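Chemist: one predicted model, sequence on top.
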Amino acid sequence: MARIGFIGLGNMGGPMAANLVKAGHAVTGSDVVPAAVAKFAAAGGTAAQSAADAMAGAEVIITMLPAGKEVREVYLEGEGVLARAAPGALLIDSSTIDVETARAVANAAETKRFAMLDAPVSGGVTGAQAGTLTFMVGGPADAFARAKPLLEVMGKTIVHAGAAGSGQAAKICNNMMLAVSMIGVSEGFLLADKLGLDKQKLFDIASKSSGQSWAMTTYCPVPGLVPTSPANRDYQAGFTAAMMLKDLRLAQEAARTAGATTPLGAEAAALFGLFVAHGHAGLDFSGIIRFLRGT
């Protein structure tokens, strides 16, 4: 049993922390939203009044925060994690943030002699609840070995991507590819409709041909073709358009910094920016097909 401090009990962090409690770990959690802390306590966790209380005496500190700004604040400010964590504590940040911040915070942690991992996730709220997330982990190999048993409680696929920041790099590259794929699948089905081709016929052909992709066979944006698709639930979000836009913008920021050419990624960011600006931030990202259709 590990003593864990969990900071950030929102839609993703809450169920992740609850799964650690179910596995028998002693988890103390904090969040700026009191209702999130109350929900975690109802699931068997120990409620903390502050982040400092959550990390007191913890062997492992896990954070799930909105953006790089919050990660810098929670880790680097005067009474933050690096100032208050117990000596030898393992630090795991599962937020999705920019690579630069991930590496800066990891370097600061190393200076303070803490082992730290960036471990963003894929799988959405459903995956967090089911404990089937994919963790993309950056940081030292020995820290990854310490963390893996805990990550396996919360996720199904755990991959050590490389040095500090590699987890974040893997996350934004993966999601940029997913966004581009989803737009391509949407355009293909919209064109087929205009040409009078039955949607089921296109699915049957493309799903077994070179047009096959996860965006089509698991998350098809057209209702009625794939049981797991949010399209069947009026695009109720598993992964919101706003969250996809955040990741696409992080990818574009990273591309500019690295001097990488990503024209399709840039176009995907522009399209999702328009989709969100038209009031669809809370829809599933596969709902981009509605925007492309003009509805």
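Modeler: Cool, the structure landed.

Chemist: in the stretch 1-150 of the chain, which spans are strands?
Modeler: Per DSSP state E, counting those that start in this stretch, the stretch 1-150 of the chain carries strands over the ranges 3-7, 26-30, 46-47, 60-63, 90-93, 115-118, 121-122, 133-138.

Chemist: mind putting those into a markdown table with mean pLDDT?
Modeler: Shown next, in a markdown table, are the strands of the stretch 1-150 of the chain (pLDDT from 0 to 100):
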| stretch | mean pLDDT |
| --- | --- |
| strand 3-7 | 97 |
| strand 26-30 | 96 |
| strand 46-47 | 96 |
| strand 60-63 | 98 |
| strand 90-93 | 98 |
| strand 115-118 | 98 |
| strand 121-122 | 92 |
| strand 133-138 | 97 |
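
Chemist: between these, which one is closest to residue 220.
Modeler: Between residue 220 and the strands of the stretch 1-150 of the chain, the tightest spacing by CB to CB is seen for strand 121-122, at 18.2 Å. Backbone N, C-alpha and C define where each C-beta goes, glycine included.

Chemist: contacting residues for residue 250?
Modeler: Remark: with contacts taken as CB atoms under 8 Å, 6 or more residues apart in numbering, residue 250 is in contact with 96-99, 168, 172.

Chemist: what's the pLDDT at it?
Modeler: Per-residue pLDDT puts residue 250 at 96.

Chemist: same question for residue 273.
Modeler: At residue 273, pLDDT is 98.

Chemist: distance of it from residue 249?
Modeler: Distance, residue 273 to residue 249, using CB to CB, to the nearest Å: 8 Å.

Chemist: contacts for the worst-scoring helix or strand of the chain on mean pLDDT next, please.
Modeler: One helix or strand of the chain scores below all others by mean pLDDT, DSSP states H and E: helix 124-130, with a mean of 89. Helix 124-130 is contacted from outside by 11-16, 19, 121, 133-134, 154-156, 237-239, using CB under 8 Å, 6+ apart.

Chemist: likewise stretch 236-249?
Modeler: In contact with stretch 236-249 (CB under 8 Å, 6+ apart) are residues 67, 96, 124-126, 171-172, 175-176, 178-179, 230, 265, 268-269, 272-273, 275-276, 280-285, 287-288.

Chemist: can you rerun that using 6 Å?
Modeler: Outside stretch 236-249, the residues within contact range by CB atoms under 6 Å, 6 or more residues apart in numbering are 124, 126, 172, 175, 179, 230, 268-269, 272, 275-276, 280-285.
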